[in-house]
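*Asks:* predicted structure and sequence below. I'll ask about it afterward.
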Amino acid sequence: MSTIVDFLGSDHRACDDLFASAEVAVAQNNWDSARSLFERFQKAMAHHLAMEEEVLFPAFEARTGMRMGPTEVMRAEHEQMRGLLQEMAGAVAHADHGRYLGLSETLNMLIQQHNLKEENMLYPMSDQVLGGERDSVIRSMEALSV
């Protein structure tokens with residue numbers, strides 16, 4: 001089976017692709033497409049965050065005993081992302097081009113910094129500390145529905 005770095009890193013890229021597609025649709029004032037793409041992006045993000053918060057983070061914390069470490073920082077950033085996604089949903093619902101693109105720029109910077117921390121620090125640490133449990137954790141993340 002793959003590593004946590006590979007599994008969740010690939011999911012990051014899938015979410016990024018949907019995000020970029022929605023932004024292009026907004027930039028072109030193609031609101032029907034933008035709404036559909038944004039909805040898919042929002043669902044993909046909800047699923048990704050749930051995989052981390054409901055499966056990976058608890059497994060990592062149980063194995064390391066660290067509850068106030070990197071997972072706490074990631075959870076706080078997830079909340080920031082959720083807030084921005086809510087605001088963006090309002091902007092896309094009202095076809096507010098400027099508001100959407102401004103929020104999109106903020107979210108993009110947050111996501112890129114967040115993903116770098118996860119892919120370069122938390123995921124490799126998780127692969128290392130979870131050892132033989134890694135495949136089971138990945139299967140649990142795959143099975144999660146939101």
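*Replies:* Sure thing, it's come through.
*Asks:* can you list contacts of stretch 17-34?
*Replies:* 37-38, 40-41, 44, 92, 95, 97, 100-101, 104, 107-108, 111 (CB atoms under 8 Å, 6 or more residues apart in numbering). Every C-beta, even on glycine, is put in place using the N, C-alpha and C of the backbone.
*Asks:* swap that for stretch 99-111, please
*Replies:* Contacts of stretch 99-111 (CB under 8 Å, 6+ apart): 15-16, 19, 23, 26-27, 34, 77, 80-81, 84-85, 87-88, 90-92.
*Asks:* what does the model give Gly132 for pLDDT?
*Replies:* You'll see Gly132 listed with a pLDDT of 88.
*Asks:* one more: the one 5 residues further on?
*Replies:* The predicted local distance difference test score for Val137 is 95.
*Asks:* quick check, it in contact with Ile4.
*Replies:* Yes - proximity of Val137 to Ile4 meets the contact threshold set by CB atoms under 8 Å, at 7.0 Å.
*Asks:* which residues are in contact with both of the two?
*Replies:* Shared contacts of Val137 and Ile4, counting by CB under 8 Å, 6+ apart, come down to Leu56, Ser126, Leu130.
*Asks:* so who does the second one touch?
*Replies:* With contacts defined as CB under 8 Å, 6+ apart, the neighbours of Ser126 are Ile4, Leu56, Ala59, Phe60, Arg134, Val137.
*Asks:* check which helix or strand covers it.
*Replies:* helix 123-130 (DSSP states H and E).
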